[in-house]
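Chemist: Sequence first, predicted coordinates after that:
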2 protein chains.
Amino acid sequence: MENINKQEATCEQELIAIRDSLEILGGKWKLRIMRHLNNHIAEINTFKKIQREVEGISAKMLSKELQDLEANLLLTRTVMNTRPVTVSYAITEYGMSVFPVTETLVQWGLNHRQKIK
Amino acid sequence: MENINKQEATCEQELIAIRDSLEILGGKWKLRIMRHLNNHIAEINTFKKIQREVEGISAKMLSKELQDLEANLLLTRTVMNTRPVTVSYAITEYGMSVFPVTETLVQWGLNHRQKIK
DNA sequence: ATTATCAGTTAACAAAAGGTAACCGGTTAC
DNA sequence: GTAACCGGTTACCTTTTGTTAACTGATAAT
């Protein structure tokens, strides 16, 4: 059973927690990939499909970011026995814990765009 | 009056929103600085005080990040007429809109640390 | 045989981010 | 006058991040 309660921490511990999060989720692409997989959770998300739909990402970056996310148990990689071979990436249950993070960033970004216009 | 309602967006727009947010809040220090100011909102936060309490940040980075955040109206910079001169930084009302972002990152980081241990 | 698709990898490079250390001007305390 | 404090700036360097383009190997369609 996952702990969904708010945890208490000192200010110092909070800043360490932010640092930890950014070590795993930081950078230009990881949160976008996680959000995309969350938004297409019912589909088969192959490498090419993700690359098409997460606009602007190169094969090299996508490959590297997917490896990092898999290493942190946020998604799974499955080689399908199709011809030609396709590889399917799926968000894990633990990966879904990232949703609140992407959601606040989506809302902040939408609100900010509205504000500056 | 601020819009605090959830906004709807397509998946594509959501990924753009995340990109926008990260352009302004991304990197190693900005969210930590914002969280620290939010946690010490009742105090006078001078440059030196922030540098002491946001552990590890150099004067150069702190100066640059504070300028960026001020340019985006997330905080204010006030020169106090003390001897020697001190400069006080304070989070703006708009800056407080970042709180949900830092909060989800704090919770995710705390939870992650608990999980891997 | 040639071309196309998928899922990458590799090499070479460029740009951005961040760290270190020295320095600056103004002021005050000794 | 000398040292210390505040709030930075500057120059130099390293690391990280990201881009582009060419290439691989397996398979399948024409």
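Modeler: Looks like it came in fine.
Chemist: Next, the contact list for the most centrally placed residue in chain A, please.
Modeler: With distances taken as C-alpha atoms, centre = their mean, the residue of chain A nearest its centroid is A:Met34 (2.0 Å). Contact partners of A:Met34, counting by C-beta atoms under 8 Å, 6 or more residues apart in numbering or on different chains, are A:25, A:69, A:74-75, A:91, A:95, A:98, A:102. In short, each C-beta sits where N, CA and C put it, glycine included.
Chemist: Return the distance of it relative to A:Ile24.
Modeler: Using C-beta to C-beta, to the nearest Å, we find A:Met34 at a distance of 10 Å from A:Ile24.
Chemist: Poorly predicted segments of chain A, please.
Modeler: By pLDDT under 70, the low-scoring segments of chain A are A:1-4.
Chemist: residue ranges of the strands in it, please?
Modeler: For chain A, the strands defined by DSSP state E occupy A:45-46, A:75-80, A:86-91.
Chemist: Nearest to chain B, out of those strands?
Modeler: Smallest distance to chain B across those (C-beta to the nearest C-beta): 12.1 Å, for strand A:45-46.
Chemist: close to DNA strand D, is that closest one?
Modeler: No: Strand A:45-46 does not reach DNA strand D (C-beta under 7 Å from any atom of the strand); its nearest approach is 12.8 Å.
Chemist: could you say what helices and strands that strand packs with?
Modeler: Counting by 3 or more C-beta pairs under 8 Å, 6 or more residues apart in numbering or on different chains; DSSP states H and E, the packing neighbours recorded for strand A:45-46 are strand A:86-91.
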